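[1] Predicted model follows, preceded by the sequence.
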Amino acid sequence: MKFLKSLYPVLIWQIVIWTLSSLPSRSIPSFKIIGMDKLAHMFVYFILGILLNFWLRSRKFRLTEVVFIYALLILLAAADEYHQYYIPGRSVMVYDLMANVIGLLSAFTFYFARSGLRKAQ
């Protein structure tokens with residue numbers, strides 16, 4: 001459990017995300033079900049947020065600091081989507097970015113609901 005409270009799982013998962021998004025499109029299996037791609041984006045970034053939550057809970061951050069950290073993750077998600085412009089066969093999709101943000105905001109909602117920040121602020 002001590003490992004989950006470190007920043008390493010977040011960094012490892014972020015590296016996995018960037019590695020997978022750096023693969024050319026012909027190397028990635030495509031989903032035949034409409035919307036499954038967006039669900040995958042939401043799930044991957046939700047997991048990133050949940051891993052971040054373990055680290056955040058092990059420290060005492062104010063709400064503004066937590067919001068700032070999540071804003072940085074949203075910027076990283078946008079940078080990840082943008083960098084796909086330079087990958088052969090990949091493209092920048094606003095809907096993918098929106099799905100990434102929804103995944104992160106869902107994880108933030110879990111953090112907010114479980115941390116008791118509402119009472120402290």
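    Sure, I can see it. What you see is a predicted model, and the numbers here were worked out from it, not measured in a lab.
[2] When you work out contacts or count neighbours from here on, use the C-alpha atoms and nothing else.
    OK.
[3] Can you tell me the centre-most residue of this structure?
    The residue lying closest to the centre of the chain (CA atoms, centre = their mean) is Tyr45, at 2.8 Å.
[4] from what I can see it touches Ser106, true?
    No. With contact defined as CA atoms under 8 Å, Tyr45 does not count as touching Ser106 (9.2 Å).
[5] just to revisit the earlier point, need the contact list for the residue nearest to the centre of the chain.
    By CA atoms under 8 Å, 6 or more residues apart in numbering, Tyr45 lies in contact with Asn100, Val101, Gly103, Leu104.
[6] And those residues, which is closest to Ser115?
    For these, the residue nearest Ser115 by CA to CA is Leu104; the value is 16.2 Å.
[7] How many neighbouring residues does the closest one have?
    Look at Leu104: counted by other CA atoms under 10 Å, it has 27 neighbours.
[8] Can you say which helix or strand has it in it?
    Assigned by DSSP states H and E, Leu104 belongs to helix 94-115.
[9] Identify the residues contacting that helix?
    Helix 94-115 is contacted by residues 38-39, 41-50, 53, 57, 70, 73-74, 77-78, 81, 118 when judged by CA under 8 Å, 6+ apart.
[10] Buried subset of those residues, written for ChimeraX?
    A single ChimeraX command selects the buried members of these (16 or more other CA atoms under 10 Å):
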select :38,41,42,43,44,45,46,47,48,49,50,53,70,73,74,77,78,81
